[in-house]
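In: Pasting the sequence and the predicted model now:
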Amino acid sequence: MDTRDTPEQAELRRSAGQLARELAPATVADLDDTTRAKRLAGAVREAGWLELRDDAGDGAPLASAVEAAIVAEALGASVADVAFSGPVLAADLARRAGVPLPDNAAIVLAPSLTVTAAVAGEQTTTPVYAVDAGSEPLDAVYALVSTEAGHRLGRLALEAVTVTPEGSDLTRSVRGITSGAPVHIADQRGPLTDDDLASWTALGLALTSADLVGVMRGVLGVTVAYAAERQQFGVPVGSFQAVQHLLAEAQCLMEGSASVAAYASWAVDELEPNDARATGRVAKAYCARAARTVCETAIQVHGGIGNTWECIAHVYLRRALLSSEWFGDDGEQLHELQRERLGVTDGLS
Amino acid sequence: MDFRDSPEEAEFRARLRAWLADNNPRLPTSSTDDKYWAGQAEWHTSLHDAGFFGLSWPSRYGGQDLPPVFDVILDEELTSAGAPPRPSLGYLVQGLTVHASDEVKDRFLPGIISGRDRWCQGFSEPDAGSDLASLRTTAVRDGDDYVIDGHKIWTSYSDVADWCFLLARTDRDVPKHKGISSFAVPMHQPGIEQRPLRMINGITSEFGQVLFDGARVPAANMIGEPGEGWRIAMTIVSHEREPGELGYVARYAKTVQELEASVRADPGAFRGDQREAVAWAHVQTEMLRLHVCRRLSERLDGIDHGPGGSIDKLLMTWVEQTVGAAALDVSGAAAATDTDNLALKIYLYGRAQSVMGGTSQIQKGIVATRILGLPTA
């Protein structure tokens, strides 16, 4: 056992962090700078990070989930407004189904944003959502389809429906697709197995947890710097014990989250699928609760400024809210853990 | 990043598991029962003599010369066997290792590590808790000895200790942090009186106070140099704050396993909030287990005696108090109708975790100023 980064992982962490710091928005106003955003998207594509979970040729992914989580954390830490986890998760599921993905493809989820089949018949009957699918027009949209034979990967015919930008995260898109889209089974290898879905869920839980760790790390950096600089009563507000203790608690929550999220990312490719998913649930439950507290603390420490649109703290909080809901928040994970570990059935909860 | 056992780790795990199958003393949960403390010494020596304690410490002193992460395996296997946690004294070993002369290390480390000599830590005093440096116990040179007078309190294991790792003032004429020295004081002598303290959960072993009235300690038993006591104390408390050093993960995980088993036996008998409390206690305990994996892996780069232990201590405190609260929640009215209720005792004992080894407020101050670099008032 050695949980330290390998030299390659340390280098990836360093380079992803550097790229994100250079090209991600440093202020709320930067979010409107489309030239910068395009450069960021180009750099992420150029680095090959969107292909980390593509098929290496033998059915295995090109890189481990640990590498993908390292990039997700770095992008979260700088609230990078670029699609990453969405395309990576789409590629991962497409690899398992044997479907070659066109550019600008997305996987849609049911309104709960958890891994529930989005479609139960020949067309969608509720709105479905593509999370973190970028801002370009979508060329292809896939959904999990529940059939008698099991879960299939279906392709939605988009001509019949409307795709609209929605969502509260200012750095990643959530695109709503109205109901009534015809669905055509697209998988090449028959139904996805339970193991496929458990592993894919584990990856989703690991990447969203890693993003939350990054969000906490990033917002704490911004907030500690502000507390050291902002003066009231003639001294920095960060010299007050009441403020110090809030920030110290937040730091602990971030470090605990980093420890538990690292294991979840390793587990995706190394543990049995059900165990990897359970590990992901533990990580996500911890990280989602922690991130909410840490981001709320950040806004509190920023005081009145923290409650204005111009302060970047709410950009972190909004990102944390989406990453928490995506693949299920802490309440959802605790609910599932009760089923898995305590023998609780749905009817009881 | 690799959480899997290496071949050597897997071999160790299998050997440990086999040994535990035959050698689990099946003591009651530590911290809730005086019977646990009565059997703890025997558990320590038996674990050590089988080669399963002091894993990362030098073989010269009775350790096993293994990488620090082997303690993770020890904690995991103790948990799954339902065995008692490992003895919590690594912080004293760290203090001696960093500060004592080779001669003092040779004299004392083998006995501490093997469990044949039992130690307590004489730091806190009635008027020196968080403000430890204001301690008043004195050590005055008299020939080849020092003579000790003073009053120590909240002293764990003082009832069974052969030795006290004592902080005492040796110089009143320098600033308070600089006039403190530390000693290995023999406990079995006329000038020392030990009085048990009853903890809020009712147990009377483990916790005590120690009165020194003309007790004597040879000058050769000084640990480190005269005036080095404060730095030694800071080394010790930095590790006393680390769950990786204390092995407490096994204790928390054992409680969570027992709570899960009781809910699984009849899930319908528990409300949703009770079941969620148990699930959350599992999440918290897993977080701490993995945090310890990370910290002990980081020790492969060398042991850090810095402020990071304060983060670990706060995480550990939240876990212990979350687990205690879950036990209390699950027990329902039983904790209110029976003062011997196990969940009540676990819960009450957990209140001490945010005080011992430095209060949570002290830890937060350390994290804010020394890790986050915030200015002091």
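Out: Great, that's in hand.

In: Residue nearest the middle of the chain, spatially speaking?
Out: Let's take chain A. When Cα atoms, centre = their mean is applied to chain A, the residue found nearest the centroid is A:Thr208 (3.2 Å).

In: wrong one, chain B
Out: Ranked by distance to the mean C-alpha position of chain B (Cα atoms, centre = their mean), the top residue is B:Ser88 at 4.0 Å.

In: my guess is that residue contacts B:Leu246, does it?
Out: Yes. Applying Cβ atoms under 8 Å as the test, B:Ser88 and B:Leu246 come out as touching, 4.4 Å apart. Using the backbone N, CA and C atoms, a C-beta is placed for each residue, glycine as well.

In: how about the helices of the chain, start to end?
Out: Went with chain A since none was named. A:7-23, A:34-46, A:65-77, A:85-97, A:194-229, A:241-270, A:273-301, A:303-306, A:313-325, A:330-342 (DSSP state H).

In: To clarify, I was referring to chain B.
Out: Applying DSSP H to chain B gives helices spanning B:7-23, B:34-49, B:70-81, B:90-99, B:102-114, B:229-240, B:243-246, B:248-265, B:272-298, B:308-331, B:334-337, B:342-350, B:360-366.

In: deepest of these, which one?
Out: Highest mean neighbour count of the helices of chain B: helix B:243-246, a mean of 26 (counted as mean count of other Cβ atoms under 10 Å in any protein chain shown).

In: would you turn the helices of chain B into TSV with distance to chain A and mean pLDDT?
Out: As requested, those are exported to TSV (distance: least, Cβ to the nearest Cβ, whole Å; pLDDT from 0 to 100):
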stretch	distance to chain A	mean pLDDT
helix B:7-23	6	97
helix B:34-49	21	91
helix B:70-81	6	94
helix B:90-99	18	96
helix B:102-114	23	97
helix B:229-240	16	95
helix B:243-246	11	88
helix B:248-265	5	95
helix B:272-298	4	97
helix B:308-331	5	97
helix B:334-337	19	94
helix B:342-350	17	95
helix B:360-366	4	97
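
In: my read: A:Ala262 touches B:His291, true?
Out: No. The pair A:Ala262 and B:His291 fails to qualify as a contact (Cβ under 8 Å) at a distance of 9.8 Å.

In: what about the helices of chain B, which gets the closest to A:Ser112?
Out: For those, proximity to A:Ser112 was assessed by Cβ to Cβ; helix B:272-298 is nearest, at 18.6 Å.

In: Show me what that closest one packs onto, helices and strands only.
Out: helix A:241-270, helix A:273-301, helix A:330-342, helix B:70-81, helix B:243-246, helix B:248-265, helix B:308-331 (3 or more Cβ pairs under 8 Å, 6 or more residues apart in numbering or on different chains; DSSP states H and E).

In: The residue nearest to the centre of chain A is in contact with A:Ser85, isn't it?
Out: Yes. Proximity of A:Thr208 to A:Ser85 meets the contact threshold set by Cβ under 8 Å, at 6.9 Å.

In: residues contacting residue 341?
Out: All of this refers to chain A. Shown in contact with A:Arg341 (Cβ atoms under 8 Å, 6 or more residues apart in numbering or on different chains): A:Ala278, B:Glu260, B:Arg264, B:Ala279, B:His282.

In: other chain: chain B
Out: In this structure, B:Asn341 makes contact with B:Ser331, B:Ala334, B:Ala335, judged by Cβ under 8 Å, 6+ apart.

In: pretty sure the second one is touching B:Ala343, no?
Out: Yes. Using Cβ under 8 Å, B:Ala334 is in contact with B:Ala343, at 7.1 Å.

In: residue in the stretch 1-150 of chain A nearest to chain B?
Out: Nearest to chain B in the stretch 1-150 of chain A, going by Cβ to the nearest Cβ, is A:Thr3, at a distance of 4.2 Å.

In: Nearest residue to that residue in space, please, no chain neighbours.
Out: Spatial nearest neighbour of A:Thr3, excluding adjacent residues (Cβ to Cβ, 6 or more residues apart in numbering or on different chains): B:Ser297 at 4.2 Å.

In: So that neighbour is in contact with A:Ala262, correct?
Out: No. With contact defined as Cβ under 8 Å, B:Ser297 does not count as touching A:Ala262 (10.1 Å).

In: shared neighbours, these two?
Out: A:Thr3.

In: one step back: Provide a list of residues in contact with the residue nearest to A:Thr3.
Out: A:Met1, A:Asp2, A:Thr3, A:Arg4, B:Pro68, B:Val69.

In: can you do 7 Å?
Out: B:Ser297 makes contacts with A:Met1, A:Asp2, A:Thr3, A:Arg4, B:Val69, as judged by Cβ atoms under 7 Å, 6 or more residues apart in numbering or on different chains.

In: who's in contact with B:Gly247?
Out: B:Asp71, B:Asp75, B:Pro85, B:Arg86, B:Ser88 are the contacts of B:Gly247 under Cβ under 7 Å, 6+ apart.

In: could these be laid out in a markdown table, adding distance to A:Thr125?
Out: Shown next, in a markdown table, are the contacts of B:Gly247 (distance: Cβ to Cβ, whole Å):
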| residue | distance to A:Thr125 |
| --- | --- |
| B:Asp71 | 54 |
| B:Asp75 | 50 |
| B:Pro85 | 54 |
| B:Arg86 | 57 |
| B:Ser88 | 59 |
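
In: which strand is the longest one in chain B?
Out: If you go by DSSP state E, chain B has its longest strand at strand B:208-218.

In: Check which helices and strands that one is in contact with.
Out: Here strand B:208-218 touches strand B:145-152, strand B:180-186, strand B:192-196, going by 3 or more Cβ pairs under 7 Å, 6 or more residues apart in numbering or on different chains; DSSP states H and E.

In: Thank you kindly, that will do.
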